[in-house]
Structures are given as structure tokens and as C-alpha cells.
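Undergrad: Okay, here's the prediction I keep looking at, along with the sequence it came from:
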Protein chains: 4
Amino acid sequence: MVEKRKRDSASDAKPVGKKRDAERTRLVIIQAAREEFAENGYDGARTDRIAVRTGMSKGVLYHYFNSKDDLFVAVLEDIYLELRSQNEALVLDDFEPEAGIRELIAHTYNYFVNHPEFIVLVNSENLMKSQHLERSQSVRSMFAPLSHRLGELISRGQEQGIFRANVDIIELYISIVGLGYFFLSNRWTLSVVFNRDLLAEGAEEKRLAHMTELVLDYLRNVKPMDGLK
Amino acid sequence: MVEKRKRDSASDAKPVGKKRDAERTRLVIIQAAREEFAENGYDGARTDRIAVRTGMSKGVLYHYFNSKDDLFVAVLEDIYLELRSQNEALVLDDFEPEAGIRELIAHTYNYFVNHPEFIVLVNSENLMKSQHLERSQSVRSMFAPLSHRLGELISRGQEQGIFRANVDIIELYISIVGLGYFFLSNRWTLSVVFNRDLLAEGAEEKRLAHMTELVLDYLRNVKPMDGLK
Amino acid sequence: MVEKRKRDSASDAKPVGKKRDAERTRLVIIQAAREEFAENGYDGARTDRIAVRTGMSKGVLYHYFNSKDDLFVAVLEDIYLELRSQNEALVLDDFEPEAGIRELIAHTYNYFVNHPEFIVLVNSENLMKSQHLERSQSVRSMFAPLSHRLGELISRGQEQGIFRANVDIIELYISIVGLGYFFLSNRWTLSVVFNRDLLAEGAEEKRLAHMTELVLDYLRNVKPMDGLK
Amino acid sequence: MVEKRKRDSASDAKPVGKKRDAERTRLVIIQAAREEFAENGYDGARTDRIAVRTGMSKGVLYHYFNSKDDLFVAVLEDIYLELRSQNEALVLDDFEPEAGIRELIAHTYNYFVNHPEFIVLVNSENLMKSQHLERSQSVRSMFAPLSHRLGELISRGQEQGIFRANVDIIELYISIVGLGYFFLSNRWTLSVVFNRDLLAEGAEEKRLAHMTELVLDYLRNVKPMDGLK
DNA sequence: AATGAATGAGGGTTCATTCAT
DNA sequence: TATGAATGAACCCTCATTCAT
């Protein structure tokens, strides 16, 4: 977890005390809340259990955050920030267009695989029609930089004549995300209705391969009249 | 609602009796519960409000269903049954392969557009790792017939040389569903992070067009060596 | 207590069952709440203790009343109604003017003596600047009939030449109430600052005698020029 | 505020030290607590808000006072002391008997008008049956000097033949206080039940005039046989 | 002396469920 | 069969007080 990096520097003057460290406590609470919200959704989460996870008393939650709602906002901001910082670690400029797309798909997918909390948190927020995210300044337009970089990658591919024209970047990005997200989010019901164990070993990798092929075939589909449209 | 059509005909052979009222009451409750669960998710739903929606007392709920959980199972079964009956109304055999795929994509997507409850209900169930659906006999393998028919459609396309080889039917179907489902389910948070109003007029149609192109380009991508694998 | 008269009639058809009697339960709750609020004030009162006093579970309070506030409104309405019904039992017309005033003073004072809850309840409400009473329709102008009757009594005395002119009825009534209310309300601190035990036997009667003399001397103070003003 | 005048003079003999700051901090806390208790009563008051009012941290409160209760005792002592010092500023000896009574009534009443906190504080303490005042040495018998001086005033009036005999000084003083206190304390509920705005401009002065007349008419009521009793 | 983070008992309120009628 | 009063565990949150720093 990102938070764990705190106080790693050996030159830190203060002793590594566990108590009375406000910033550290804030992070401990957000981490505990993330887990609880991720396991149970917003309505299913219990402030009592969040407190237990922190190892502190319940009152502390309200010392740092005013309400369950405010805490949920903080958790959402934290995890979106984390996702963005992971996205920024991916330098698409270094890749050839097709390889760049492969990287982006895999990178995005793997974030969800490694952070299953993200999916539950975001589903919860959509159930509530984004009422918490609306209150957050830090999340609005957060994905603009990434979609810009995706646009540049597509442009390079188009200039090289290997990618099709007429690509709506945001629709494309939603597809890239959705193809993995939906699978990971809905594995349980899908396993029942298709009678195929999508939680089994190998299922995740298989999905990634399929997704990648789907998106690349779409992009590579250069038609003679593309330049004319 | 689909359920309301049941048993309306006056020429029904059976005598009018209590059985029938009981069946009708069951449906009224399921309908009320579907709405409540759809608006609030499982944990956010309130049995009081379900009772109010039925116009009957709360005790009736417990007379017909033993618990909130059992009622949720009934609601899930009901809506999956509804989806299947809609799917069965779609006769893919009548179409040329490509047109058939277009029909299937549009039909599936439109069901979600017209039944937004489905998404919330299914997301809730996935949050709970399918614990209710596991108890249901009627839902298991429910989508086997449809994926079989999709397989036949793909085969026809392959035989005609217009569809690629090596298509995993279930992966493909999950993609067809997921490309629309994810968009419809996550419109609220996506609107925030991309700063684009995905709830605006026209956004739904635009999505369908993109999805259709994506899937068809994948399927049409016939390579010279396809036959050798 | 007034409520206790319920179900006294021998001809009551239904068996005197203790349970499942909504109207009775409402009264039980109001009575319990009156006691709790009277002993502790609004802020000091505990819904838990009210529940214990009713002998029922806490949830019942909220089945009948929506909140502590609403319950307090109901208690205020109930006790003001009780006071008014006691006031209406006092037929001032039957008395000579002076005797009528004596009756009114004693009657009012004795109500407070016998219902010490009234004072705490009303003090609590004044601390909160009447925010609950403002929401009540039944209490507004409740004392208009009584002040009207007091006005008639004064008029009779004035016509007989034994009462002074220029009497503001409401100011007078506030004095009649206040002279007793203040003593009864503030006995504890007054006992300390004057070092006289105002809770001792006989103190209440002594107060009543003093009050009565004070008011009557004021009213009887007929001056030669009263008729000219 | 009265307290602020303390220790302002630069010619103070004692050296400027920590003692003085401590004393000043005590007064700041008492002042803040007085406001908080006055606005919300004892149970409604919050130690957090008192701390905010002082501009200092909550720990300081507990450094100077051991508990909310102890702080309340200090506030009560402070305000009673203030009332007494105001009373002592009133030299009744300078007045003719009737004018002296007028002065006393107006002076007492005006203190309450200008210090509405007093009423809430004292009502709170009576709700708790004087449990805090019992612990205070400084308040016990605090009003003995004043009632002594009132007694002397009455005596002078009796000797001059203008005041009646048989006056219980304490009952009289309670009436003088109560006639104003009750009105000021209960204005909010009285306004509702009489449907007359007692918080309006002019209502306070009207009350004072009525009260004064009431008390003086009682005192002036010299009867022929007064000397014989 | 002063801070403010932390405590924990308990505050008002909610809610799935039961049960007398 | 149907009602809705009653239950009681639990929910989110508050608050006087303590204590490490």
C-alpha cells in the first residue's frame, strides 16, 4: 500500500512512535475504512468494524472525519488518487502504438486485479449516483491527462497507418476499462448463469488475452476509405 | 410490467379461488421489492418501504417470504427469468451472421437501458459473492441456451468465411454484455472523472454504435492462417 | 392522573387486555416521558429511561413518536391540556369578586403544587425559546378563555366599587401565576441564598397567604380619582 | 464585563508574574462557561464549545477546574457574587421609604434584564435541586445583608405610618424578585398561551410599572388596627 | 502550563423480524 | 390471511474526560 511508505527515511528526526501521530492516524483510518467499505459496500459497512480495524476507539473516526459519508469521500479520493498515480507511472511515449495499447490494457486490468476494493467502492458510489464524488474537487477530470495520452498514442498509430481513423478516445477508454472491470466485478453471477467457474485459476489471464485482441483488432482495422471520412 | 399480464384472462378454466389471489399477492410483493432493491441495493433497501410499496402490511411480506434474503432471491430469480424470456424472443436463426450479432448486441443493451433495476440488483448480488443465486435452482446455467445459439451464429459466419476462427463464445458474450453494462452501471462516476456528461441525451446511442463496431471488427478480422490453427 | 380514568367503565365490552392497545400505549408513553422530562429537563432526559418507565422496548417510542422532540411536544400539549381542563373546572361566576380572586389564586397555585412536573417542563421549553410549543396548534391562545373570565370577575368588582380601575388582565394574571410559580420553581436556590428552608412544612401555605394578600390589596386599592382616568 | 476590570491598574503593587496570568485565564474560562451554560442550560452545554469560546484547548478547562460540575459551581458563584456587588451599590438609606422600594424593584429587575444569563443559570441549578450551590461556601446566606436592609427600609416606612405592619421581609423580597424573574424567564411560553408578544418593544417597561404598583399598593395599605396586632 | 489526540460509555434512532389479535 | 404493535440488537454519532507529548 502506498501509505506504508511513510516514515521510511532513516533521517527522520523524531522517534518512530506509534501514538499521537495525527497524519499517520488519518491514513490508518482511511486504510481501515477502505477495507470495510470494499468488503461490504457503503450501506453494509459498519463504523464499529472500521474502528476495530484501526485498533482505536470509535470516537477517533469522528475526530478526523465528521461522518460515515465524509469518510467514504476520503476513501474514494484516496483510491482514485492511487489509481492515477499508478497510471502516471505508465509512460506510453516509450512504446510503439500497438505495444502501447497492450501495455495500457494490461496495466489497467492488473490494477483492478490487484485492487479488488476499487470495484466495490466505485460500484457503491454509482449506486448512490456519485453523490460523494460530486463533493470532491480532487477527482473531477482526474482522467483527462490519461485520455490525452491515449489520444496521442492513437494519433501516432494513425500517422503510421496501422490504426483506424474515427476513434472516440473516451468511448475507447471506457471499453478498455469496462471489458476487464465488468468481468472482475460480475464474476460471481456470471459463473452461475454460464455455469463456468470464472474464479478458477487462469480465468483472469484468459480474459486479458481476449480483451486485448478485441481492442487491437478494432484499432487495426484500417479500411481503404478511412482517410476520406 | 411483464408480470401483470399473467392470469388476466376471464376465460381462465380454473375456478376463481384463494390460490390465485395468493399468487397475485406474491407478484405484487416481488414487484415492490424489485423497485426498492433496485433503488437502494440490498443493504440500503428497507422492508418497511417494500411493505408501503405493496400497499399491504409488513407481516404479509413475512407470510410469503421468510426473510429479506429470501425475498431478494425471489427478486433475482424473477428478473433473470424475465431477461431470459426476452432473450428467447430473439430468434437469431432468421438473421445473416453479421446482422444477427448486431441484433444480439442491440437487444441485450436495450434490455439494460429499459431495465436499469437489473444492473443494481446484479451488482448487489456480486458484492455478496452470489450467495443468493447459489441457492437458486432456476438460474443456474440459465444462459446456456443463449450462448449455444450465439455459438451457432458464429459458426455460420465462420463457414461463410466472414468471421474469424478461435472465438471463445463465453468470453465474447461477456464482452458483448460488459461493454454496455459497464457504461450504464458506471455512468455517474465516469461522468465525473472524464468530465463528460454520460447521462446526456444521445450518449446511450453513441455507446451502442461504438460497441457494435468494436465487436464486429473483432469478428470480421479474418486472417489467412485462421483455417490452420 | 387524568389518564388513569381510561377503561374505568364497567360496561366496556372488550376485555381489559394490557397488550396491543395503541391508544393506551400512547398514553403510557406520554406519562412516562412526562416523568422523565420533569425529573431531568429536556436535555437531561434519556429515551432509554423513558422506555424503561413504560415497561416496553425503546423502539416503541419511535413507533408512536418520531423523535425525542416530537415526544416532548406531545408531553407539553398533554400537560397544558390538563391544566386548561382543571382551569375550566373552576367556575368563577359563582363567586363574589374577592372570593373569586382568592379561588383563582389558590386553584392556580395548587395545580403547580400538585403537578411539580409542569414547572420543569415549562422551564425547559423556555430555555429552548418555545421551539416546541410553536409547532403545536392546540396550545396557542390556550389561556384566552381564562383571562376573559378573569376580566369579567374584575369588571364585576369594579362595578361594585370594590376593585380598582386600570387593570391589565394579562399582567395581573402573569403576576398571579408568577408569584407562586417562581417560589415553587426556585425554592432550592432561594433556600440557600436566604438561608431559610423553603421546602419545610408550612412554607407552601405561607407563600399562598402572602400572595393572596398582595394581589387583593392591589385590587382593592380604590382611589377617589379612579373614575376620572 | 465586570470581571475584566480586575487588575488592570498599572500601579498594582505585586510583581507581574504567572500567578496573575493564571487568575486571568480562570476568569476567561468562567466567562466562556457562563455564556455556554446560559445559552444551553447545564445539560445542553458542551465542554468543547466552552473551550472554543476561550480560544484555548480543552485540556486547559480541566487544568483549572476538575469537571463540568466544578466549572458550573464556579460560574454560579461568580454570577451570584456579581449580583451581590450590584446590590451593594444600591444604598437604600439615601431614599425615602417608598422611593427606596421603587429603586429596589427597578434595580433588581434591571439586573435580570441586563443579565439574562442569570435566569437560565439559576433555573438550571433549581432543576438539579441546588446540588452545586450546596457545595459553595460563598453563596450561602448571600442575600441576608440585602434582606436586612430591606427590613430597615420597611421599618422606616412603618414608623412614618405609610407602610403596613406584618410584612414578612423574605416573602416580600421573593415577590419582588419573582414578579420580574417569572416574566423574563417565561416570556416565550407565555407569549404562546396568551397570544401576546411579550418579547416586543415596551413589554419589559410595562411589566416593571405593573410590578411596582402591585408591591407598593400592598405596602401602603395601612389599616386602622395595624398597630394592635 | 498547554495541547489536542484518544477513550469509551452511552446518546438518539433504525430496522429486520416476531407475534398477539 | 392479514394487521400493525412490539421487540431488541445494532447503527451512527456524541461527549465528558484522560493522557502522551
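TA: That came through, no problem.

Undergrad: Give me the number of neighbouring residues for the closest residue to residue A:177 other than its chain neighbours.
TA: Leaving aside its sequence neighbours, residue A:177 sits nearest to residue A:108 (C-beta to C-beta, 6 or more residues apart in numbering or on different chains; 6.0 Å). Every C-beta, even on glycine, is put in place using the N, C-alpha and C of the backbone. Other residues near residue A:108 come to 22 when the count uses other C-beta atoms under 10 Å in any protein chain shown.

Undergrad: what domains does the record give for chain A?
TA: Here the domain parsing of chain A from automatic domain parsing is A:18-65, A:68-228.

Undergrad: could you dump those domains to TSV with mean pLDDT?
TA: Below are the domains of chain A laid out as TSV (pLDDT from 0 to 100):
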stretch	mean pLDDT
domain A:18-65	93
domain A:68-228	94
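
Undergrad: between the ones you listed, which one is nearest to residue B:151?
TA: Nearest of the domains of chain A to residue B:151, taken as C-beta to C-beta: domain A:68-228 at 12.3 Å.

Undergrad: And the residue nearest the centre of chain A, how far from chain C?
TA: Chain A has residue A:83 as the residue nearest its centroid, 4.7 Å off, counting by C-alpha atoms, centre = their mean. Residue A:83 sits 42 Å away from chain C, going by C-beta to the nearest C-beta, to the nearest Å.

Undergrad: Point me to the helix or strand that includes the closest residue to that residue other than its chain neighbours.
TA: Nearest non-adjacent residue to residue A:83, counting by C-beta to C-beta, 6+ apart: residue A:111, 6.2 Å away. Using DSSP states H and E, residue A:111 sits within helix A:97-114.

Undergrad: Export that helix to CSV, keeping only CA atoms.
TA: Taking C-alpha atoms only, helix A:97-114 is exported to CSV below (Å, rounded to 0.1, in the frame of the first residue of the first chain):
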residue,chain,number,x,y,z
PRO,A,97,1.5,2.3,-30.8
GLU,A,98,0.3,-1.3,-30.7
ALA,A,99,2.6,-2.2,-27.8
GLY,A,100,1.4,1.0,-26.0
ILE,A,101,-2.2,-0.2,-26.3
ARG,A,102,-1.2,-3.6,-25.0
GLU,A,103,0.6,-2.0,-22.0
LEU,A,104,-2.3,0.3,-21.2
ILE,A,105,-4.9,-2.6,-21.3
ALA,A,106,-2.7,-4.9,-19.2
HIS,A,107,-1.8,-2.1,-16.8
THR,A,108,-5.4,-1.0,-16.2
TYR,A,109,-6.6,-4.5,-15.9
ASN,A,110,-3.9,-5.5,-13.5
TYR,A,111,-4.7,-2.6,-11.2
PHE,A,112,-8.2,-3.9,-10.8
VAL,A,113,-7.0,-7.5,-10.3
ASN,A,114,-4.6,-6.3,-7.6
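
Undergrad: From the contact counts, what lies against that helix?
TA: helix A:68-88, helix A:116-127, helix A:144-159, helix A:169-194, helix A:203-220 (3 or more C-beta pairs under 8 Å, 6 or more residues apart in numbering or on different chains; DSSP states H and E).

Undergrad: just checking, the residue nearest to the centre of chain A touches residue A:119?
TA: No. Using C-beta atoms under 8 Å, residue A:83 is not in contact with residue A:119, being 11.4 Å away.

Undergrad: what's near enough to touch the residue nearest to residue A:83?
TA: Contacts here follow C-beta atoms under 8 Å, 6 or more residues apart in numbering or on different chains; on that basis residue A:111 touches A:83, A:86, A:118.

Undergrad: same question, residue A:160
TA: residue A:97.

Undergrad: how near is it to DNA strand F?
TA: Applying C-beta to the nearest atom of the strand, to the nearest Å, the value for residue A:160 to DNA strand F is 54 Å.

Undergrad: Check residue A:102 too.
TA: Applying C-beta to the nearest atom of the strand, the value for residue A:102 to DNA strand F is 42 Å.

Undergrad: hang on, isn't that residue packed against residue A:215?
TA: No. In this structure, residue A:102 is not within contact of residue A:215 by C-beta under 8 Å, at 9.0 Å.

Undergrad: which one of these two has more residues nearby?
TA: Using other C-beta under 10 Å as the criterion, residue A:102 and residue A:215 rank with residue A:215 on top: 22 against 16.

Undergrad: hang on, isn't the more buried one packed against residue A:174?
TA: No. With contact defined as C-beta under 8 Å, residue A:215 does not reach residue A:174; the gap is 11.5 Å.

Undergrad: re earlier: dump the helices and strands packed on helix A:97-114 to CSV, plus distance to DNA strand E.
TA: Shown next, in CSV, are those (distance: least, C-beta to the nearest atom of the strand, whole Å):
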stretch, distance to DNA strand E
helix A:68-88, 12
helix A:116-127, 15
helix A:144-159, 34
helix A:169-194, 21
helix A:203-220, 33
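
Undergrad: Can you get me a residue count around residue A:202?
TA: Counted with other C-beta under 10 Å, residue A:202 comes out at 7.

Undergrad: wait, residue A:133
TA: Residue A:133, neighbours per other C-beta under 10 Å, totals 25.

Undergrad: Grab the nearest non-local neighbour of it.
TA: Leaving out its chain neighbours, the residue that sits closest to residue A:133 by C-beta to C-beta, 6+ apart is residue B:192, at 4.8 Å.

Undergrad: got the residues of chain A near chain D?
TA: Taking C-beta under 8 Å from any C-beta of the partner chain, no part of chain A reaches chain D.

Undergrad: one step back: the helices and strands packed on helix A:97-114: which one's closest to residue D:38?
TA: Sorting the helices and strands packed on helix A:97-114 by C-beta to C-beta, the top spot, which is the nearest, belongs to helix A:68-88 at 31.8 Å.

Undergrad: buried residues in that closest one?
TA: Across helix A:68-88, burial judged by 16 or more other C-beta atoms under 10 Å in any protein chain shown covers A:68, A:71-80, A:82-84, A:86-87.

Undergrad: Repeat that for stretch A:154-168.
TA: Neighbour counts over stretch A:154-168 (16+ other C-beta under 10 Å) mark A:154, A:156, A:157, A:158, A:163, A:164, A:167 as buried.

Undergrad: Same list, those residues, but as CSV with distance to residue B:209 please.
TA: Listed next are those as CSV, based on distance: C-beta to C-beta, whole Å:
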residue, distance to residue B:209
A:154, 18
A:156, 25
A:157, 21
A:158, 20
A:163, 19
A:164, 14
A:167, 13
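
Undergrad: show me the contacts for the closest residue to residue A:182 other than its chain neighbours.
TA: Among residues not flanking residue A:182 along the chain, residue B:178 sits closest, at 3.1 Å (C-beta to C-beta, 6+ apart). Applying C-beta under 8 Å, 6+ apart, one finds that residue B:178 lies in contact with A:178, A:179, A:181, A:182, A:183, A:186.

Undergrad: again, but for residue A:222
TA: So residue A:222 contacts A:161, A:162, A:163, A:164 (C-beta under 8 Å, 6+ apart).

Undergrad: Dump those to TSV, plus distance to residue B:42 and secondary structure.
TA: Compiled in TSV, the contacts of residue A:222 are given as follows (distance: C-beta to C-beta, whole Å; DSSP: H, G, I helix; E, B strand; the rest coil):
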residue	distance to residue B:42	secondary structure
A:161	51	coil
A:162	47	coil
A:163	43	coil
A:164	43	coil
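
Undergrad: which of those residues lies closest to chain B?
TA: Relative to chain B, the closest of those is residue A:164; by C-beta to the nearest C-beta it sits at 8.2 Å.

Undergrad: Farthest pair within the buried residues of stretch A:154-168?
TA: The widest separation within those (C-beta to C-beta) is 13.3 Å, between A:156 and A:164.

Undergrad: Please work out which residues outside stretch A:21-37 touch it.
TA: Outside of stretch A:21-37, the residues within contact range by C-beta under 8 Å, 6+ apart are A:1, A:3, A:6-7, A:45-46, A:49-51, A:53-56, A:60-61, A:64-65, A:71-72, A:74-75, A:78-79, A:117, A:120-121, A:124.

Undergrad: Right, I'll leave it there.
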